[in-house]
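1. Using only what follows, build the 3D model:
(one chain, ligands or ions: 2)
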Amino acid sequence: MSVAVVGAGAFGTALAISLARKGPVTLWARDPANMAEARENTARLAGCPFPEPLILTGDLAQAANAGILLIAVPTQKLRGFLEANKILLASKTLVACCKGIELATGAGPVTVVADVVPNAVPAILTGPSFARDIARGLPTALTLACADDKTGQHLQQQLTTANLRLYRTTDTIGAELGGALKNVIAIACGTAMGAGLGESARAALMTRGFAEMQRLAAHLNADPQTLSGLSGFGDLTLTCTSEQSRNYCLGLSLGQGTRFNPNTTVEGAATAKAVHLLAQESALDLPITAAVAGLLENRLDVATAMRDLLARPLKEE
Ligand SMILES: NC(=O)C1=CN([C@@H]2O[C@H](COP(=O)(O)OP(=O)(O)OC[C@H]3O[C@@H](n4cnc5c(N)ncnc54)[C@H](OP(=O)(O)O)[C@@H]3O)[C@@H](O)[C@H]2O)C=CC1
Ligand SMILES: O=C(CO)COP(=O)(O)O
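-> Ligands and ions are numbered 1, 2, ... in the order given. Modelled structure (predicted):
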């Protein structure tokens, strides 16, 4: 079955470059003109030329001729994009390639796809990978989650490449939660590092952040094993420790008190607010998420957030 990537940001472009190394793939961009001339996405992924089998288009109908569509637009834009194009996308296999929780509804990307295009088969591709690493052909392993295992097996075969190895699960809730929540914890870790609190503090935030991820996952009936895999623990490790991560860098600038470019895609910012709301509604204790939401909404400063976390009642691990 043919494959198209819809959304030519850093991640969509990287996936298309990777897939084009094994066969033709279509990449849809809202504004392909510059990329068509340069055969490179100079705005979002400079220095990664398009392989010859990559077909660039600005015509979504052309991309929608493919049976499998990888949708690589940010989570908060996903519903609007699907609503605007749901007739073209009907009955397709739609693989969400984004990491977040929708602020307006508390839903993850798979749920959003199923809501808006109910006759499509929804799936999600998530896990530890920087777009530039994928585009360079560096070894990467990701999670492909699809509730329908037969479709999941097919997607796993179609989307695995020589350097991009996919593992499969039917637990879409666990996979989307891992990818969404690790970004929130990465903001917390960046903040701690930016404020000079040290690597021991970061390790504590990663570990207790992982406990929060598992708590919310259990509440939403996800499989705890999924959270221990690439989409949870794996991506948490990558994102909380690398300055290639935009979520981590937003945290760094919060900790340092420096300006951050507001046009950067930072999924964890809206997700922190969405998850904090969910936790309040369900009386779930997610203190690191609450602290990140408080920092982003200017209700807390870094010193107070850290003091509050350390002053919480002592408990068993
Ligand atoms: N970058 C990375 O390393 C990785 C990113 N991801 C995930 O991929 C997702 C996308 O991130 P990334 O590619 O990095 O983001 P970018 O900021 O690089 O690009 C976002 C893309 O979304 C497009 N877009 C925004 N709004 C709309 C809309 N309403 N309709 C159609 N297209 C729209 C933009 O189009 P335009 O260019 O025309 O503005 C752009 O192509 C995120 O969820 C992120 O977490 C996952 C793994 C790795
Ligand atoms: O999801 C990612 C790595 O797996 C990319 O992280 P950022 O969105 O923080 O850059």
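2. Enumerate the residues of the stretch 51-200 of the chain near ligand 2.
-> Residues of the stretch 51-200 of the chain lying near ligand 2 by CB under 6 Å from any ligand atom: K99, P128, S129, F130, N183. In short, each C-beta sits where N, CA and C put it, glycine included.
3. Am I right that the second one falls within a strand?
-> No - assigned with DSSP: H, G, I helix; E, B strand; the rest coil, P128 falls outside any strand and is coil.
4. Who are the contact partners of it?
-> By CB atoms under 8 Å, 6 or more residues apart in numbering, P128 lies in contact with T140, A141, L142, L230, G234, D235, T237, L238, T239.
5. what two of those are the furthest from one another?
-> Across the contacts of P128, no pair lies farther apart than A141 and T239, at 15.0 Å, counting by CB to CB.
6. More neighbours: which of those two?
-> Ranked by neighbour count (other CB atoms under 10 Å), A141 and T239 place T239 first, with 27 against 16.
7. Could you check how far that one is from T151?
-> As for T239, its distance to T151 is 28 Å (criterion: CB to CB, to the nearest Å).
8. For the residue in the stretch 151-300 of the chain positioned nearest to ligand 1, which non-adjacent residue is closest in space?
-> Closest contact between the stretch 151-300 of the chain and ligand 1, by CB to the nearest ligand atom, is at T265 (3.4 Å). Using CB to CB, 6 or more residues apart in numbering and skipping residues adjacent in sequence, the residue nearest T265 is P74, 5.2 Å away.
9. Neighbours of that neighbour, how many?
-> Counted by other CB under 10 Å, the residues lying close to P74 total 18.
10. what residues are up against it?
-> Listed by CB under 8 Å, 6+ apart, the contact partners of P74 are G9, C98, G100, T265, E267.
11. ditto for G47
-> Taking CB under 8 Å, 6+ apart, we find G47 in contact with E40.
12. now it, what's its secondary structure?
-> Under three-state DSSP, G47 falls in the coil class.
13. Alongside ligand 2, which residues does the stretch 201-317 of the chain contribute?
-> Looking at ligand 2, the residues of the stretch 201-317 of the chain close enough under CB under 6 Å from any ligand atom are D235, L238, T239, S245, R246, N247, E267.
14. Tell me which stretches of the stretch 101-250 of the chain form strands.
-> In the stretch 101-250 of the chain, the strands defined using DSSP state E, counting those that start in this stretch lie at 121-126, 140-145, 164-169.
15. Is it possible to get TSV of these that adds mean pLDDT?
-> Below are those laid out as TSV (pLDDT from 0 to 100):
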stretch	mean pLDDT
strand 121-126	98
strand 140-145	98
strand 164-169	98
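16. which residues sit against the helix or strand A270 falls within?
-> According to DSSP states H and E, A270 maps onto helix 267-281. If you take CB under 8 Å, 6+ apart as the criterion, helix 267-281 is touched by 74-76, 98-103, 106, 180-181, 183-184, 186-187, 216, 247, 250, 284-286, 289-290, 292-293, 296-297.
17. Next: stretch 236-244.
-> With contact meaning CB under 8 Å, 6+ apart, stretch 236-244 is reached by 128-130, 132, 178, 182-183, 185-186, 189-190, 202, 205-206, 209-210, 213, 245, 247-249, 252.
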